[in-house]
Structure formats: structure tokens, C-alpha cells
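[1] 3D, please:
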Amino acid sequence: MPYRIEYSPDAEEHLRLLTKREQGMVLDAVDEQLAFQPATETRNRKPMRPNPLAPWELRVGRLRVYYDIEVEEVIVLAIGIKKGGRVRIGKEVIDI
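    Okay, the predicted model is just below:
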């Protein structure tokens, strides 16, 4: 049974700030990568060190999707663009 995927209000805003092409890439990757076994580590999906953002990261090229997993549900918490050792999430730049 697939996990239900929810986007937080913040993640929806982050998504709106991306180009249409980037939005499509993120939505396709989330549906493909997180609907089944979102807690299984892969090349593009990994648990993160403890941080205030999210426990899991999905890499989609230079885009990053930060999410949490609850019972039968994946909650996308933030979406950003990585450049170097920093990620721009919305209008904020974060060192990760």
C-alpha cells in the first residue's frame, strides 16, 4: 500500500518559488521515490544528521526535498536548491 504524501504549507510555498520545470521534477520525484519505502536509504534518499529542518532528504539534481515519515504518510516539510554547502529554501539560505 503506498504512503500518502502531504505537503506542509511552507513546502507548498517553497514549491511555488521554483520554476515550472523544477516543480515538475520535484513532484515527479516525490511521487516516484517516496510513495513506497520512503525510509529505505538509496543513492538519492538518505537520513540526515539531527537538525531542525527534517530527518530525511531526497536529492533531485540540485534540488532537495526534506521530509518526515509518519504512519503511512510522508510529510514534505521543505524544498530547496543546493549550491555548494548551502541550501536556499524559500528566501533563506541554510548551511547543511
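[2] Now the residue lying closest to D10 once chain neighbours are set aside: which helix or strand?
    Nearest residue to D10, sequence neighbours excluded (Cβ to Cβ, 6 or more residues apart in numbering): A78, at 6.2 Å. (Each C-beta comes from the backbone N, C-alpha and C, glycine too.) Using DSSP states H and E, A78 falls within strand 73-83.
[3] mind listing what's buried in that strand?
    74-82 (16 or more other Cβ atoms under 10 Å).
[4] what does stretch 38-49 give?
    38, 45.
[5] Start at 553, not 1
    Fine by me, first position is 553 from now on; the one you just mentioned is stretch 590-601.
[6] elements contacting the helix-or-strand element of the chain with minimal mean pLDDT?
    Scoring the helices and strands of the chain by mean pLDDT, DSSP states H and E places strand 644-647 at the bottom, with a mean of 84. On a contact count with 3 or more Cβ pairs under 8 Å, 6 or more residues apart in numbering; DSSP states H and E, strand 644-647 meets strand 638-641.
[7] Partner strands of the strand it packs on, with direction?
    Strand 638-641 pairs in its sheet with strand 625-635 (antiparallel), strand 644-647 (antiparallel), by DSSP bridges.
[8] Report the secondary structure element holding E558.
    Residue-wise, E558 maps onto strand 556-559 under DSSP H and E.
[9] Tell me how far that strand lies from the chain's centre.
    11 Å (Cα atoms, centre = their mean, to the nearest Å).
[10] next one: stretch 554-567
    On Cα atoms, centre = their mean, the centre of stretch 554-567 falls 9 Å from that of its chain.
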